[in-house]
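# Provided below are the primary sequence and the corresponding predicted coordinates.
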Amino acid sequence: MRRVALVTGGTRGIGLGIARALARGGFDIALCGLREAEEVVPVLEELRRGGASVDYFRADIALSPDRSRLLCDVRERFSRLHVLVNNAGIAPPTRVDLLEAGEDSFERLLRVNLQGPYFLTQGVARWMIEQKGGGEGWSGCIVNVTSVSATVASTNRGEYCVSKAGLAMASRLWAVRLAEVGIPVYEVRPGIIRTDMTAGVAERYDRQIGEGLVPQGRWGTPEDVGRVVAALARGDAPYSTGAVVVVDGGLTIPRL
């Protein structure tokens, strides 16, 4: 029986890159997002062509009732879950200096980028523990997709940095809590990845990358992140719970 992975925000950008890699790796896929079901039909058809069973569940992970319904629906559809990828996240609607930023954007980003995955992990962890106790052979993990903004300060999008720093700590907390039951938790920390989210600042990043900001000299791709997540989901790092895997082309290496 194929293993099942739930990827939040999995119908575009980094999430779709992750879903593609997992589908190629033999996983069945549960995708979660905010778009209407008819909008994601081409994505589902693409992923299914490789033989994966794929379904889409519309849910806002910032909302507790949506998270509960999501897990109930995934359980009803697949009856099992081996991997949770907390990828869904949003950027501020506008980049605003710390001295001018308001609370609405801060609250929304913290709910989506931190509170949502934190408590979705809680619900999934309970289900995973139940499955692990139900018989031999079950194995799984949880992967949180954060950002180099967890440690790199951007004063015109402070709420985003705070949300990702919080999720980085949540990864450590869950890694420690779940270690005793044999469920590893990892953090994958992307750098500058070419997606819809970065399209509005593409010209700026093109210039900075050209000036040497990224040692490897290029944008990252969703596929770069997907390969790393697929390796972790496959079980290639069983003794590395709490590990942070940076996928940034060397961006955050200290240099003189």
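On my side now, so go ahead. Numbers count the residues shown, from 1 in each chain.
# switch to C-alpha atoms for all contacts and neighbour counts from now on
OK.
# all helices for the stretch 51-200 of the chain, in order.
For the stretch 51-200 of the chain, the helices defined by DSSP state H, counting those that start in this stretch cover 64-78, 103-110, 116-132, 158-179.
# hey, which of those helices is tucked in deepest?
helix 158-179 (a mean of 21; mean count of other CA atoms under 10 Å).
# Just want the angle from that helix to helix 116-132.
Here helix 158-179 runs at an angle of 20 degrees relative to helix 116-132 (axes from the mean of the first three to the mean of the last three CA atoms, to 10 degrees).
# Now do helix 158-179: which elements does it pack against?
helix 103-110, helix 116-132, strand 141-145, strand 185-190 (3 or more CA pairs under 8 Å, 6 or more residues apart in numbering; DSSP states H and E).
# average pLDDT across it?
Average pLDDT, helix 158-179: 98.
# Give me the distance between the two termini of stretch 212-222.
21 Å (CA to CA, to the nearest Å).
# Need the helices of the stretch 51-200 of the chain in CSV (columns: distance to Val152).
Below are the helices of the stretch 51-200 of the chain laid out as CSV (distance: least, CA to CA, whole Å):
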stretch, distance to Val152
helix 64-78, 30
helix 103-110, 17
helix 116-132, 21
helix 158-179, 8
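# Of all those, which one comes closest to Val85?
helix 116-132 (9.1 Å; CA to CA).
# That closest one - what's its average pLDDT?
Here the average pLDDT along helix 116-132 is 97.
# Taking helix 103-110 as reference, get the angle to that helix.
Going by the same axes, to 10 degrees, helix 116-132 makes 20 degrees with helix 103-110.
# could I get helix 116-132 in PDB with only the CA atoms?
The C-alpha trace of helix 116-132 is given here as PDB (Å, rounded to 0.1, in the frame of the first residue of the first chain):
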ATOM      1  CA  GLY A 116      -2.100  27.100  11.600                       C
ATOM      2  CA  PRO A 117       0.900  24.700  11.100                       C
ATOM      3  CA  TYR A 118       1.500  24.500  14.900                       C
ATOM      4  CA  PHE A 119      -1.900  23.100  15.700                       C
ATOM      5  CA  LEU A 120      -2.200  21.100  12.400                       C
ATOM      6  CA  THR A 121       0.900  19.400  13.600                       C
ATOM      7  CA  GLN A 122      -0.700  18.700  16.900                       C
ATOM      8  CA  GLY A 123      -3.700  17.000  15.200                       C
ATOM      9  CA  VAL A 124      -1.600  15.000  12.800                       C
ATOM     10  CA  ALA A 125       0.900  13.900  15.500                       C
ATOM     11  CA  ARG A 126      -2.000  12.400  17.500                       C
ATOM     12  CA  TRP A 127      -3.200  10.500  14.400                       C
ATOM     13  CA  MET A 128       0.400   9.400  13.600                       C
ATOM     14  CA  ILE A 129       0.900   8.100  17.200                       C
ATOM     15  CA  GLU A 130      -2.400   6.200  16.800                       C
ATOM     16  CA  GLN A 131      -1.200   4.600  13.500                       C
ATOM     17  CA  LYS A 132       2.200   3.800  14.900                       C
END
